[in-house]
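Q: Can you look at this prediction? I've put the sequence above it.
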Amino acid sequence: MHKPSYTGNLRPMMNRKLRILIVEDEVAIRTGLTDVLVYHGYETDFSAEGPEGLNKALSGKFDLILLDVMLPGMNGFDICARIREQDKDQPIIMLTAKTSDEDIIQGLGLGADDYVAKPFSVAQLVLRIQAVLRRSHVTQEMDSQIQLGKHISIDTVNLSGQNGKQPIQFTRREMDVLQYLKCNDTRPIPREELLNKVWGYSKNLDIETRTVDIHIAKLRRKIEIDPKEPQYLITVRGAGYRLVTE
Ligand code: CA
């Protein structure tokens, strides 16, 4: 298969590959997509039929779902609607075949992030995938510096910083947490979301959210002037953690 010669210009913000689920029953399209996406640095999984595709999609493990319409067992429109019931933010691109699909898309307002009509150019599809991921905040052009107030500066590339005159060092995971909070600093982030987006844990897994709290406590000892009275990495009661940079 022809590999597009350009490379994506996005850096995954987390220290892991972005995961794409391909729900497509046509072997040729599925394997072609898998090849190209792996070539572009994504991790892929697939399903060749509707119900299994839905189950995988609902696992919360995927950064993006490529969803065919005509599938055995359950069609892509129904799958899309079911995903949206559970997760309104899950990035989805639908691969539509028939021109009549246009009417259905219009009528249902299914809320996929994008629709790509078959036959599609693979290079175009990769660009659309990158655009959707960029919008979904899964990937961002990250700042190499984070400044908190006047006294705390953080170098995200070298995992280091200064708290006043005190040098600080971060682990990769701590920095991933910090960067995710920084990317989303307009809202508090629930622990479950951090486990999912930073650790890559499935949303349906009942994992100890204490893991998150331990990392937050460690971060506070590094970036707060008084870790007992956090002013930058604050707890929003009942909602999660939020990074306040000023
Ligand atoms: Ca199909």
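A: Perfect, I can see it now.

Q: Check which element follows the lowest-mean-pLDDT helix or strand in the chain along the chain.
A: Scoring the helices and strands of the chain by mean pLDDT, DSSP states H and E places helix 101-108 at the bottom, with a mean of 63. Using DSSP states H and E, the helix or strand that follows helix 101-108 in sequence is strand 114-117.

Q: Give me the mean pLDDT for that next one.
A: The average pLDDT for strand 114-117 rounds to 85.

Q: do the same with stretch 134-150
A: For stretch 134-150, mean pLDDT rounds to 73.

Q: Pull up the distance across that stretch, start to finish.
A: 30 Å (C-alpha to C-alpha, to the nearest Å).

Q: Next, the contact list for Glu26, please.
A: By C-beta atoms under 8 Å, 6 or more residues apart in numbering, the contact set of Glu26 is Asp68. For every residue, glycine as well, the C-beta is placed using N, CA and C.

Q: Show me which residues of the protein sit near the ion.
A: Within the chain, the positions adjacent to the ion are 25, 68, 70 by C-beta under 5 Å from the ion.

Q: Dihedrals phi and psi, the residue of the chain found nearest the ion?
A: Across the chain, the shortest distance to the ion (C-beta to the ion) belongs to Met70, at 3.9 Å. Main-chain torsions, Met70, degrees, to the nearest 10: phi -80, psi 110.

Q: count of residues packed around it?
A: Neighbourhood size, Met70 [other C-beta atoms under 10 Å]: 15.

Q: Pull the contacting residues for it.
A: 25, 76, 97.

Q: ok, and the most crowded of these?
A: Within these, neighbour counts (other C-beta under 10 Å) peak at Gly76, which reaches 27 neighbours.

Q: which residues sit in contact with it?
A: By C-beta under 8 Å, 6+ apart, the neighbours of Gly76 are 23, 50, 67-70, 94-95.

Q: Just give the closest residue to it, not the sequence neighbours.
A: Computed as C-beta to C-beta, 6 or more residues apart in numbering, the closest residue to Gly76 that is not its neighbour in sequence is Val69, at 4.0 Å.
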